[in-house]
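>>> Sequence first, then the predicted structure, then my questions.
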Number of protein chains: 2
Amino acid sequence: MSMDIQVVVMAGGRGTRFWPLSRRTKPKQFLPIISSKTMVEETVERLMPLVPWAKVRTVANAQQTRLIRKLLPRIPARNLLVEPSGRNTAPSLMLATAAIYRENPEAAVIVLPSDHLITDTPVFLKQLESGAQAAVQERRLVTFGIRPTHPATGYGYIHVSAEPAAKHRGFPFYDVLEFKEKPDREQAKLFLASGGYYWNSGMFVWTPEVFAAELEAHAPDFHASWPKLLAALKKRNAAETARVFNGIPALSIDYALMEKAQAVLVCPSRFGWSDVGAWSSLLDVWKRDARGNAAKGDTIAVDSEGCLVFNPDKLTAVVGVKDLIIVNTGDALLVCRKDRDQQVKDVIAALTKGGRKRYL
Amino acid sequence: MSMDIQVVVMAGGRGTRFWPLSRRTKPKQFLPIISSKTMVEETVERLMPLVPWAKVRTVANAQQTRLIRKLLPRIPARNLLVEPSGRNTAPSLMLATAAIYRENPEAAVIVLPSDHLITDTPVFLKQLESGAQAAVQERRLVTFGIRPTHPATGYGYIHVSAEPAAKHRGFPFYDVLEFKEKPDREQAKLFLASGGYYWNSGMFVWTPEVFAAELEAHAPDFHASWPKLLAALKKRNAAETARVFNGIPALSIDYALMEKAQAVLVCPSRFGWSDVGAWSSLLDVWKRDARGNAAKGDTIAVDSEGCLVFNPDKLTAVVGVKDLIIVNTGDALLVCRKDRDQQVKDVIAALTKGGRKRYL
C-alpha cells in the first residue's frame, strides 16, 4: 500500500523565553539557535527524504508566514496557511486538516511543532512513517510519546497500556490509559519509577476522516465549525474562512480533542528530542568545552565554567564566572543565572510596563 | 607674593585593566568612565580656576597627544609635550620640568596624573595652591599623601614625621621619614594602626631649580642629561631632544628621585581621591541602586545585586546574578566576577598569544 503522507508544521507559536534574541516578531522557531539555520528550516528540511515539498503545509500568522516564505521558498505558496487570528492549536489544526481533507480524506497528516530539536533523523523519519501507517490502517489518532529522562514538571505525561495494541514497521503502538496534566516533582518521580509514562510531544498523525469523526464524537463544540470550514475553503472565501475560524473555541488540540478521544495510540520515541524550552536547555545541545562552557561566537573563558554564550558577532571574555547565560544582540544584552532563565519573563514584564516596546 | 603656578599632566600612561573599553590606543585617561567626559578632560578642566590654559602642559606619546589636542583644544599646541619614547615617568618629568625651567626656574610646577578621580575640587585646588607655596618658599620637593582608608597592598606608603615641618595656607606639611614599597596585608594593617602613613599619590610640586638641584645631589645618572636637555630645548631641536631623552634611565620619578631625596615634604590630602585602578573601583564612584548595582546605560536588574554594568548604547538585563562586572563595547563583551577584575590581564594575554590584535 502506498500512503499519501502530508505534513503540517505548526509555526504560529509565540514566546519570549529566548529574549533578547526572540522578539514579538521573531519567536524561537525563527531563530538560528541550534545551527546556522532557523529551527523552522531545520524542522522542514529534515523531512525531505519522507515527503516532497508540495506535501508540506505550515500554519502561522500573516507576518510569520511572510518569514516562512523567505526561509523556505520551495514550499508552494498555497501551502502556507495563514491563521486569521491567534487562537491556540485546535483551530489551526482544524484549518490545516480541513485543507488536506479537500485533497484526500484518507491522507496521513503528520503534525509537527516547528521549534523542537530532533536528533537521529533517520530513526525519526522511520517512526513518522510507522505512525502514518498506524493512523491509516488502525483508523486512530496517533501521537508520539517522549521517553522521560528526568522527572520534568514542565510537560504533560501520557500513561500507556502495559502491552502494545499494534505494531507497525517494527515500532510498538500503545493504547492511552490517561493523559496527565503537568505533575509536581513527587508525582513526576512516581511516573518515572512506575514506567509506562511518556512526555506529550505535540507531534501527531491522523487522517482527516478519522480526525473529523473523533471531533464529532468527542468535541462537538469544535465539530460544529467543521462543515462550515470545509465549505468556506471550497469557495476559497478568505473572509468566510476567517469568520468560521474565529468562531472555534481558542483551545489547544490536546485539551480540545486528544485528552477526550478514547482511541489514541502512542508510539514511544526512539529519536533524540528536546523542546528547547529556554536558554539553559542549549547547554545540552551545543558543543561544550572541558569546563562545560558552550558558545556561539569567539569566546575566551578564564577560570569560568558552565556558561552559555550567544554573541556571534563579537568577542566575549568571561572571567571567574560560573553557570551564566550571556546573550548579546544588536540592541540588548542579557546576563542571567543558568537556573533563573525562566525569570527572563520578568524582564519582559518590566519592558512592557515601562513602555519600551522596541525591545519586545 | 604672586606665584607662577604651572601644571604638568602626565597623560602617557598605558593600561589594560579597563579592557575591553581600554585599548592600546585608548588607555584609562581617555575613557569617559567617571562622567561623560574623559578622565584627562576632567583632570585639566578642574584646574581652571587655579591656572590659565597657557600654563597647562601635558606629556604623552605622539598618538596620545593628537587625542589630547582634540579633547582639550584650549591648551596651546606648544604645551603638548611629546615623549619621544615610552620610558616611565622620570624622563618625562625631566622633559616637562626643563621646558618650564627655560620659562621660569622659580615657577611652582604641579605634576598630576591624568587618570585619578578627585572629589571636593575646591579643597583640592586650595591644597595644590598651598603645595605650590610650600615648594617655592621652602625650596623642597612636595608631594601629596592620601589618607589610607583601608590596608591596601597596591600602593606605596610614605611614613611622615609626627609633627609638621611647616604650614602653608592652613595645611600642614610633614617631613618624610621613609618611602615604603607596596606592603603585604599585615604590614599595611600595621601602617594604618600606627598612623602617620599615607599613600603615595603621584602628585608633586617643585620648582625647576629645586628639582634640578635635588637631581644633582641624589640622582646624578639622571642629572647628567639635564644640561643637555635644556640645550636641546633651547635649540628647538627635536631630534637632539629625543636623543637626550632616550639616554635617560627609564625609571619612575619615585624610584629615580623622590625616594632618594632627603628634603621631601608631604601634605596629607583632605580631598576625595581614587586612582580608579580597575572596573570594580567604579562601584565606589558611580551612583548605585538600592541593591548596589551601578550602571552606565539603560539597565533592568531582576533579583541581582552588586553588579557594575557599562553598556551605554544598549539595553542590559541582569537576572539572578551577583557581584559581576559587565562591559559591552562595539566589538567585545566582558563578564567578570567583581573580585577577579585583575584577571582581565589573562584575557589580554590570551588575545596577545592568539594574535587577535584587533581586540588589544
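Arrived safely, thanks for sending.

>>> Help me confirm that residue A:248 comes into contact with residue A:94.
Yes: between residue A:248 and residue A:94 there is a contact under Cβ atoms under 8 Å: 6.3 Å. For glycine as for every other residue, the C-beta is placed from the backbone atoms N, C-alpha and C.

>>> Around chain B, pick out the residues from chain A.
A:19-20, A:298, A:300, A:302-303, A:311, A:314-321, A:324, A:326, A:328, A:331-337, A:339-341, A:343-344, A:346-347, A:350-351, A:356, A:359 (Cβ under 8 Å from any Cβ of the partner chain).

>>> Selection in PyMOL covering whichever of those residues are buried, please.
Here is the PyMOL command that selects only those of these that count as buried (16 or more other Cβ atoms under 10 Å in any protein chain shown):
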select buried, chain A and resi 19+20+298+300+302+311+314+315+316+317+318+319+320+321+324+326+328+332+333+334+335+336+337+340+341+343+344+346+347+351+359
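
>>> Give me the residues contacting the helix ranked longest in chain A.
Secondary structure of chain A per DSSP state H: the longest helix is helix A:121-138. Helix A:121-138 is contacted from outside by A:1, A:3, A:5, A:46-47, A:49-50, A:106, A:108-110, A:118, A:140-142, A:144, A:166, A:168-171, A:173, A:205-207, A:210, A:265, A:267, A:269-271, using Cβ atoms under 8 Å, 6 or more residues apart in numbering or on different chains.

>>> can you rerun that using 6 Å?
For helix A:121-138, the external contacting residues (Cβ atoms under 6 Å, 6 or more residues apart in numbering or on different chains) are A:3, A:5, A:46, A:50, A:108, A:110, A:118, A:142, A:166, A:168-169, A:171, A:173, A:205-207, A:265, A:267, A:270-271.

>>> circling back: which one of residue A:248 and residue A:94 is surrounded by more residues?
For residue A:248 versus residue A:94, neighbours defined as other Cβ atoms under 10 Å in any protein chain shown are more numerous around residue A:94 (27 against 22).

>>> Doesn't that one lie inside a helix?
Yes: checked against DSSP: H, G, I helix; E, B strand; the rest coil, residue A:94 lies within a helix.

>>> Now for it: which residues touch it?
Applying Cβ under 6 Å, 6+ apart, no residues contact residue A:94.

>>> Repeat that for the one 4 residues further on.
Shown here is residue A:98, whose contacts under the criterion Cβ under 6 Å, 6+ apart are A:229-230, A:233.

>>> got the contact list for the closest residue to chain B within the stretch 151-300 of chain A?
Closest contact between the stretch 151-300 of chain A and chain B, by Cβ to the nearest Cβ, is at residue A:300 (5.0 Å). With contacts defined as Cβ under 6 Å, 6+ apart, residue A:300 is in contact with A:317, B:347, B:350.

>>> partners of the most centrally placed residue in chain A in the sheet?
When Cα atoms, centre = their mean is applied to chain A, the residue found nearest the centroid is residue A:113 (2.4 Å). Note on residue A:113: beta-bridge partners residue A:10, judged by DSSP bridges.

>>> what about it, distance to chain B?
Taking Cβ to the nearest Cβ, to the nearest Å as the measure, residue A:113 falls 26 Å from chain B.

>>> What is the longest strand of chain A by residue count?
Longest strand in chain A, counting residues (DSSP state E): strand A:157-168.

>>> List the buried residues in that one.
Those would be A:157-160, A:164-166, A:168, for strand A:157-168 by 16+ other Cβ under 10 Å.

>>> Please apply the same query to stretch A:195-214.
Buried-residue list, stretch A:195-214, by 16+ other Cβ under 10 Å: A:196-214.

>>> Just the ones of these in helices?
A:208-214.

>>> burial measure for residue A:290, as a count.
What residue A:290 shows, counting by other Cβ under 10 Å, is a neighbour count of 7.

>>> Now do the SS call for it.
coil.

>>> Report the separation between it and residue A:321.
According to Cβ to Cβ, to the nearest Å, residue A:290 and residue A:321 sit 16 Å apart.

>>> ok, back up a step: just give me the closest of the ones in helices among the buried residues of stretch A:195-214 to residue B:40.
Using Cβ to Cβ, residue A:211 comes nearest to residue B:40 of those, at 73.5 Å.

>>> The nearest residue to the closest one once chain neighbours are set aside is in what secondary structure piece?
Once flanking residues are discounted, residue A:211 sits nearest to residue A:97: 5.1 Å by Cβ to Cβ, 6 or more residues apart in numbering or on different chains. Following DSSP states H and E, one finds residue A:97 within helix A:89-103.

>>> Thank you, goodbye.
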